[in-house]
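Participant: Need coordinates for the below:
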Amino acid sequence: MGPTGSGKTNFINKLTGGQEDKAAHRLKSHTQGIREFTVNLPSNRQCVLVDTPGFDDTYRSDRDILRTIAEWLEKKYRKEVKLTGIIYTHRITDNRMSGSVAKNLDLFARLCGDKAAGRVRLVTTMWDSAKNMDTADARVSQLEENFWKPLIDAGAHHKRFRNSLESAWDIISDLMGEGEAVLLQEELVDAERKLNETAAGRALYTQFQRLLHEQKETIKHLSEEAKAQQDPVLVRELETQYQRLEAELQRTWEEMEKLKIPFLRRIALLFSKRTRSRKVELSLP
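Facilitator: Below is the predicted model:
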């Protein structure tokens with residue numbers, strides 16, 4: 001998993017021996033759905049690699065992407081298939097943690113949960129494109145000490161992908177063996193929750209709330225600026241931006257409504273949570 005253009009598809013291409021696809025390096029999303037690739041191993045064993053779309057997909061909403069990933073995870077878990085490893089890719093060439101990348105990371109962490117964090121490998125990519133190694137190393141330290149710290153504290157590890165077959169196998173070599181259910185699977189199947197009631201679903205709803213507020217503030221600013229301008233050409237440009245943002249705000253609102261948990265359902269979930277907590281207390285010696 002990881003943001004669009006962070007090297008997910010290229011990483012899998014190295015492991016499968018596939019032709020390196022130039023589209024995987026473009027800013028537009030290359031992976032539109034869940035894709036599975038099987039690699040034969042010694043002793044009649046197989047490794048299944050799974051490529052997923054990023055949450056900042058070019059053509060699909062984040063809610064749609066989360067639903068696609070959730071449906072795949074739920075289907076596998078119901079068949080008692082668990083993940084032996086979860087790889088999150090991040091471009092070492094990024095000079096800052098953008099809003100979309102931070103959003104990706106937040107949803108990823110909530111999807112995995114602390115219990116499965118030991119199976120997580122935070123993989124930095126594009127080292128062969130880094131212009132200054134000292135700067136790149138400093139970015140790694142910043143990631144490990146700040147943005148990745150909660151995951152690392154929970155058991156995740158950082159690995160560097162050197163864009164080679166050997167490097168890719170080195171990263172996944174210790175991710176074989178017994179699998180582990182991620183938090184989203186346990187919430188959907190064991191706790192019988194709907195997607196919008198999961199930690200990842202609630203996080204996405206919060207992100208939409210924040211985006212909606214930012215869009216409203218921008219629209220308000222554009223409206224005030226358009227009224228203050230005397231230049232008719234500039235006014236038309238501002239009006240065009242205003243209309244575009246109005247359309248984006250409407251889409252954000254619609255996505256929020258789809259993720260909204262009804263009031264009575266929230267009460268039921270709260271009661272269920274307290275009941276489970278009470279059962280745990282009673283079972284303690």
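
Participant: as a whole number, average confidence for stretch 113-127?
Facilitator: Taken as a whole, stretch 113-127 carries a mean pLDDT of 95.

Participant: how long is that stretch end to end?
Facilitator: Start-to-end span of stretch 113-127 (Cα to Cα, to the nearest Å) is 28 Å.

Participant: Report the buried residues of it.
Facilitator: For stretch 113-127, a neighbour-count test (16 or more other Cβ atoms under 10 Å) marks 113, 116-117, 119-127 as buried. C-beta here means a position set from N, CA and C on the backbone, and glycine is covered the same way.

Participant: what would the residues you listed look like in CSV with distance to residue 158?
Facilitator: Compiled in CSV, the buried residues of stretch 113-127 are given as follows (distance: Cβ to Cβ, whole Å):
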residue, distance to residue 158
113, 19
116, 17
117, 12
119, 14
120, 10
121, 8
122, 5
123, 8
124, 7
125, 12
126, 15
127, 13
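
Participant: all strands of the protein, in order?
Facilitator: Ranges of strands in the chain, per DSSP state E, are 35-41, 45-51, 86-91, 120-125, 157-160.

Participant: among those, which is nearest residue 131?
Facilitator: With respect to residue 131, and counting by Cβ to Cβ, the nearest of the strands of the chain is strand 86-91 at 13.1 Å.

Participant: For the closest one, what is the distance to the chain centroid?
Facilitator: Here the centre of strand 86-91 is set off from its chain's centre by 10 Å, with Cα atoms, centre = their mean, to the nearest Å.

Participant: go on, stretch 3-13?
Facilitator: 13 Å.

Participant: end to end, how far does that stretch reach?
Facilitator: 17 Å.

Participant: Quick one: mean pLDDT for it?
Facilitator: The model assigns stretch 3-13 a mean pLDDT of 91.

Participant: ok, now stretch 43-59?
Facilitator: For stretch 43-59, the per-residue pLDDT averages 84.

Participant: Residue 81 reaches residue 179, doesn't it?
Facilitator: Yes: the pair residue 81 / residue 179 is scored as a contact, 7.3 Å apart, by Cβ atoms under 8 Å.

Participant: More neighbours: which of the two?
Facilitator: Higher neighbour count among residue 81 and residue 179: residue 179, with 17 against 13, using other Cβ atoms under 10 Å.

Participant: pLDDT value on the more buried one, please?
Facilitator: So residue 179 comes in at 88 (pLDDT).

Participant: quick one, which residue of the protein lies the farthest from its center?
Facilitator: Distance from the C-alpha centroid of the chain, by Cα atoms, centre = their mean, peaks at residue 230 (44.6 Å).

Participant: Against residue 218, how distant is it?
Facilitator: For residue 230, the distance to residue 218 (Cβ to Cβ, to the nearest Å) stands at 22 Å.

Participant: In stretch 161-174, which residues are buried?
Facilitator: Residues of stretch 161-174 classed as buried: 161-163, 167-168, 171-172 (neighbour count, 16+ other Cβ under 10 Å).

Participant: repeat for stretch 59-72
Facilitator: Buried residues in stretch 59-72, counted by 16+ other Cβ under 10 Å: 60-63, 65-70.

Participant: ditto for stretch 74-90
Facilitator: 74, 76-77, 82-83, 85-90.

Participant: got it, and stretch 182-193?
Facilitator: 182-188, 193.

Participant: quick one: which of those is nearest residue 236?
Facilitator: Checking the buried residues of stretch 182-193 one by one against residue 236 (Cβ to Cβ), the nearest turns out to be residue 184, at 46.3 Å.

Participant: Helices of the stretch 151-285 of the chain, residue ranges please.
Facilitator: With DSSP state H, counting those that start in this stretch, the ranges of helices along the stretch 151-285 of the chain come out as 165-172, 183-185, 199-228, 232-259, 263-283.

Participant: TSV for those, including distance to residue 47 and mean pLDDT?
Facilitator: Listed next are the helices of the stretch 151-285 of the chain as TSV, based on distance: least, Cβ to Cβ, whole Å; pLDDT from 0 to 100:
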stretch	distance to residue 47	mean pLDDT
helix 165-172	7	93
helix 183-185	20	94
helix 199-228	26	80
helix 232-259	35	72
helix 263-283	36	53
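
Participant: Buried deepest among those helices, which one?
Facilitator: Each of these was scored by mean neighbour count; the highest is helix 183-185, a mean of 23, by mean count of other Cβ atoms under 10 Å.
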